[in-house]
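# Following is a predicted model, sequence given first.
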Amino acid sequence: MATLTTLSEIQVNRSLALPQKLAENPVRTVALDTIQRRNAVLDAVFYDVAAIRPEETVKLATWLAREGAIIVVPPSGSGTELEVFLTPQKYFESGEAVAALAVAGVGSSALGAAAFARNVADALGKPVAAVVSGYGLADLLTEALGGFFMFGALNSIRHAFEPLDEVTKLFTRSEQTLEDLSGLGFARTSRDTQTVIALLKDARFAPELLVGHSKGNLVISEALYAIHAEDPALEKQLAERLRIVTISAKIGMPHAFRDVLDVMGAWDWFGALNSRPDLRADYTVPHAWHSTNPEFPFGLGLRVPQALRTVLGQNPSPSKAAPLPFVADLPQKLTAALHAGTPLHLV
C-alpha cells in the first residue's frame, strides 16, 4: 500500500531528525515525540498520505506536529514541491499565492495537513495553504480529559493549558511564542488558531475558500469568531468573499458567514458526535466514514477531491441563514473572548 510506504518514509526521516529536535528543545521532544509518532500513524489512517511524494516527506519530518506552521501544497503532477513556513511572516515574505486555506484535524501532524491540502489542491487545480493544527502539551492534557473525541465541548480547555506549552518553548531556539505572533502579553489561544487569524487579517492573503476537516473546522470557527469579536468591518469583508466547506464535522460559524457547505460521510458517527445537531449536511457522501484516505478498508474513505467538486456547485442549506440558538458555538465564543480579553457575548 502506498500509505504504508509514505508512513515509513516519514517515520524514518523523523528518526533522522531526532538529534536536531533534542538539541533544539529537549523538554518538548522527550514529552511529545512518542505521541507525535502515534499521531503520524493516525494521519495515515485518516488522510490520503499517499498523495505526498517520498521526496516531500523530508521537508515534513523535521516539522512534524509543529503547531501553526504553514505548508503551501501544489496539486499533484504540477512539477513543484510543497514548501513549509514556520510563521505567517515567513509565508508572506515568500510571496506564494494560494486558492484556498485548509486545516486538518485528528492526528494533527504536518503529514496529515499536507495530505489534506493536496486533496483540496487537486480538486481546485491550484496551490493550497495548510495550517498545521498541531499537538502540544495542551492537546495532550485535553485529550486525557476526553477532548480527542468531544473536541466541540472540551477544546476550550486546551486554551487554558496553552501557558504550559509557552513555558516549554522558552527552551526552543527557533520557535516564536504566541506573544510574538499576536502581540498579547499572555497567550490565551492556541498557535493554530492564532495563525489562521493572522492570515485572514492580512490583505495579502486573499483566497476565496476555507476548507476544514474534523477538528480543523473548529480551528476555522474559532478564528472567525475572534475576528467577529475584534473587527466587525473585517468580518463583513471576509463574509462577502469567503466560501467555507466543513468536512466530517458540522461546526457553526459566525452568523455573517452564510456561504457554508457541510459535507458528511453517510456512516460518520465520529463526526456526528462532534457536530452541531441542528445543522443539516449539504452533501452526504454515500458509503463513507470519517477517514479521507481512499485506501481505507472496505472503501469507506471519503474522497475529498470528488466531494469538493460536487459540493462547490451547490448552494448552502437555508438553515445556515437561520438565527443561532442562544448557546450555539459557545466554545468558539469563549475562545474569542479569551483571545480579545473581552467579556463573553452569547450573541
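Thanks, I have the structure now. Residues are numbered from 1 along each chain as shown.

# any weak-confidence spans in this structure?
For the chain, the stretches flagged by pLDDT under 70 are 1, 7, 9-18, 21-39, 61-65, 106-108, 134-189, 317-328, 338-347.

# Let me see the ranges of the strands in it.
For the chain, strands defined by DSSP state E occupy the ranges 70-73, 83-85, 100-103, 128-131, 209-213, 243-247, 260-265, 283-285.

# Mind putting those strands into CSV with distance to residue 116?
All C-beta spots, glycine's among them, are computed from the backbone N, C-alpha and C. As requested, the strands of the chain are exported to CSV (distance: least, C-beta to C-beta, whole Å):
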stretch, distance to residue 116
strand 70-73, 9
strand 83-85, 15
strand 100-103, 6
strand 128-131, 7
strand 209-213, 6
strand 243-247, 9
strand 260-265, 13
strand 283-285, 15
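
# okay if I get those as TSV plus distance to residue 219 and mean neighbour count?
Listed next are these as TSV, based on distance: least, C-beta to C-beta, whole Å; neighbours: other C-beta atoms under 10 Å:
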stretch	distance to residue 219	mean neighbour count
strand 70-73	13	26
strand 83-85	17	19
strand 100-103	5	28
strand 128-131	7	29
strand 209-213	7	27
strand 243-247	11	26
strand 260-265	15	25
strand 283-285	21	19
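
# right, so of these, which gets closest to residue 121?
Nearest to residue 121 among these is strand 128-131 (4.3 Å), distances taken as C-beta to C-beta.

# Tell me which strands the closest one pairs with, and in which orientation.
Counting by DSSP bridges, the strands paired with strand 128-131 are strand 70-73 (antiparallel), strand 100-103 (parallel).

# Of all these, which one comes closest to residue 127?
Closest to residue 127 of these, according to C-beta to C-beta: strand 70-73, at 5.7 Å.

# Show residues contacting that closest one.
Applying C-beta atoms under 8 Å, 6 or more residues apart in numbering, the contact partners of strand 70-73 are 60, 82-88, 90-91, 94, 96, 98, 110, 113-114, 117-118, 121, 127-132, 195, 199.

# okay, the strands paired with strand 128-131 in TSV with distance to residue 286 next?
Formatted as TSV, the strands paired with strand 128-131 follow (distance: least, C-beta to C-beta, whole Å):
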stretch	distance to residue 286
strand 70-73	27
strand 100-103	23
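
# Can you show me the helices along the stretch 151-300 of the chain?
Ranges of helices in the stretch 151-300 of the chain, per DSSP state H, counting those that start in this stretch, are 151-160, 162-168, 178-182, 191-201, 215-230, 232-241, 269-273.

# about what we covered before: any idea which of the strands paired with strand 128-131 gets closest to residue 221?
Closest among the strands paired with strand 128-131, once you apply C-beta to C-beta, is strand 100-103, at 10.1 Å.

# Alpha carbons only: can I get that closest one in PDB?
Extracted in PDB, the C-alpha atoms of strand 100-103 (Å, rounded to 0.1, in the frame of the first residue of the first chain):
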ATOM      1  CA  ALA A 100      -7.700  28.100  -0.500                       C
ATOM      2  CA  LEU A 101      -6.800  27.600   3.100                       C
ATOM      3  CA  ALA A 102      -7.100  24.100   4.500                       C
ATOM      4  CA  VAL A 103      -7.000  23.000   8.200                       C
END
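
# Give me the residues contacting it.
Contacts of strand 100-103 (C-beta under 8 Å, 6+ apart): 113, 116-117, 120-121, 124, 126, 128-131, 133, 192, 196, 199, 205, 207-213, 216-217, 219-220.

# can you do 6 Å?
Outside strand 100-103, the residues that touch it by C-beta atoms under 6 Å, 6 or more residues apart in numbering are 116-117, 120, 128-131, 133, 207, 209-212, 216, 219-220.

# Between the residues you listed, which sits nearest residue 263?
residue 211 (9.4 Å).

# got the contact list for the closest one?
The contact partners of residue 211, by C-beta under 6 Å, 6+ apart, come to 100, 102, 120, 245.

# would you list those residues in TSV and tack on distance to residue 306?
What follows is the contacts of residue 211, written out as TSV (distance: C-beta to C-beta, whole Å):
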residue	distance to residue 306
100	16
102	16
120	12
245	13
